[in-house]
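*Asks:* sequence? don't have it. structure:
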Ligand code: NAD
Ligand code: IPM
Ligand code: MN
């Protein structure tokens with residue numbers, strides 16, 4: 001079987017607490033399904049590393065990480081230690097851009113045993129994918145500051161959309177929609193107010209839709225789209241959006257499924273020219289760091305997405321099934337506090353690991 005080389009970067013805060021269970025669950029899957037996974041751990045891309053070395057990454061980080069198929073990533077950011085834009089632009093955002101991980105794929109699914117804050121929702125009612133543009137858009141380094149310190153102080157940060165950048169994320173989203181039973185794509189826009197980039201985005205959606213006649217396409221302005229996430233989540237199948245809109249939708253969506261603590265993501269370079277990066281959607285959660293109560297499911301599910309991405313479909317299905325079985329029991333002694341439980345990272349992480357190890361092929 002193919003060897004998968006994985007760089008493990010826990011980062012900061014609860015990234016350090018959930019990562020061990022992510023790795024253990026992957027090792028359990030490897031054992032049951034006879035996969036060869038090789039892990040190497042790194043302490044860079046953390047605020048502690050920054051305080052020691054004056055930078056988030058070593059100068060040879062790119063050559064180092066290029067030797068791996070995938071990066072398994074926890075979370076970065078300790079705003080009391082290092083300003084967020086410094087730590088994030090110096091690590092995660094650098095990986096996404098320099099490794100051309102132009103797709104950020106984020107499932108949003110109401111799991112059995114997890115209570116949605118929306119009334120009367122059951123598993124199946126909320127089940128869609130957010131496809132987020134991940135290398136350009138509103139996250140741009142073009143801009144600056146003038147007249148600093150005066151009453152004319154002005155800051156500008158440009159949104160960048162390129163034909164290649166927009167088309168490749170749309171194509172990915174159309175293909176994903178085409179592979180799903182509902183075959184429905186929703187595009188997030190704001191072309192009423194943002195009058196140059198967003199109409200451009202819409203025009204590319206329209207142009208591409210002509211080559212996907214079997215996919216039904218809807219567009220909503222992002223403001224009402226977020227309202228529909230809450231009031232009619234059943235209408236969504238695949239939702240595509242720019243970098244910032246995708247970021248917001250991928251916290252709001254999982255919040256509608258009970259907690260952002262279970263949501264995973266794949267930062268994909270689909271061509272495999274560079275390593276792809278798999279991480280939970282959530283951040284380092286300094287408010288609960290050190291208590292051992294972080295929900296490890298987002299981290300574990302991100303590992304599941306990694307297995308799926310590299311074609312280990314059977315093992316991936318088993319990990320997802322194991323997550324569903326454990327959550328489905330709704331055992332409050334095992335579940336973490338964000339899902340109303342009294343358990344902790346360890347009880348939940350080990351329950352999933354145990355379920356994977358017991359999996360009957
Ligand atoms: P956050 O996701 O870290 O936390 C938001 C809230 O959700 C907090 O109350 C937290 O306790 C809770 N939460 C998050 N994950 C949880 C889990 N697994 N289990 C239980 N509760 C969980 O977002 P934030 O507070 O905006 O950001 C904190 C830091 O993390 C900042 O430095 C931010 O820039 C960074 N951040 C990093 C990433 C990333 O590395 N991908 C993502 C988001 C935020
Ligand atoms: C995410 C995070 C990052 C983003 C931050 C930490 C820069 O919120 O992965 O969703 O905005 O992309
Ligand atoms: Mn986010």
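*Replies:* Here it is on my side, so go on. Quick caveat, the model's predicted, so the values are computed rather than measured. Residues are numbered from 1 along each chain as shown. Ligands and ions are numbered 1, 2, ... in the order given.

*Asks:* When you work out contacts or count neighbours from here on, use the C-alpha atoms and nothing else.
*Replies:* Will do.

*Asks:* buried residues in the helix or strand where residue 50 lies?
*Replies:* Element membership of residue 50, judged by DSSP states H and E, is helix 47-53. For helix 47-53, the neighbour count (16 or more other Cα atoms under 10 Å) marks 47, 48, 49, 50 as buried.

*Asks:* Which strand or helix spans the closest residue to residue 226 other than its chain neighbours?
*Replies:* Spatially, and ignoring its direct neighbours in sequence, residue 226 is nearest to residue 249 (7.1 Å; Cα to Cα, 6 or more residues apart in numbering). Here residue 249 is covered by helix 243-256, with elements defined by DSSP H and E.

*Asks:* Does ligand 2 have contacts with that helix?
*Replies:* Yes. Applying Cα under 6 Å from any ligand atom, one finds helix 243-256 in contact with ligand 2 at residue 247.

*Asks:* could you give me the average pLDDT of that helix?
*Replies:* The average pLDDT within helix 243-256 is 98.

*Asks:* in the stretch 51-200 of the chain, which spans are helices?
*Replies:* Taking DSSP state H, counting those that start in this stretch as the criterion, the stretch 51-200 of the chain contains helices spanning 61-66, 84-89, 92-98, 163-178, 197-209.

*Asks:* Could you export the ones you listed as TSV, including distance to ligand 2?
*Replies:* Shown next, in TSV, are those (distance: least, Cα to the nearest ligand atom, whole Å):
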stretch	distance to ligand 2
helix 61-66	19
helix 84-89	5
helix 92-98	6
helix 163-178	16
helix 197-209	19
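
*Asks:* Please, which helix or strand holds residue 356?
*Replies:* Secondary structure assignment for residue 356, by DSSP H and E: helix 345-357.

*Asks:* Not counting that helix itself, show me its contacts.
*Replies:* For helix 345-357, the external contacting residues (Cα atoms under 8 Å, 6 or more residues apart in numbering) are 17-18, 21-22, 24-25, 28-29, 31-32, 292-297, 318-319, 322-323, 325-326, 333-336.

*Asks:* got the residues of the chain near ligand 2?
*Replies:* Taking Cα under 6 Å from any ligand atom as the criterion, the neighbours of ligand 2 within the chain are 88, 247, 281.

*Asks:* Same list (the residues you listed) but as CSV, adding neighbour count and distance to residue 9.
*Replies:* Putting these into CSV (neighbours: other Cα atoms under 10 Å; distance: Cα to Cα, whole Å) gives the following:
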residue, neighbour count, distance to residue 9
88, 21, 14
247, 19, 21
281, 23, 15
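
*Asks:* Count residues in the vicinity of the closest residue to residue 95 other than its chain neighbours, would you?
*Replies:* Counting by Cα to Cα, 6+ apart, residue 95 lies nearest to residue 101, which is 7.7 Å off, once chain neighbours are set aside. Residues lying near residue 101 (other Cα atoms under 10 Å) number 25.

*Asks:* Repeat that for residue 236.
*Replies:* Other residues near residue 236 number 20, with proximity taken as other Cα under 10 Å.
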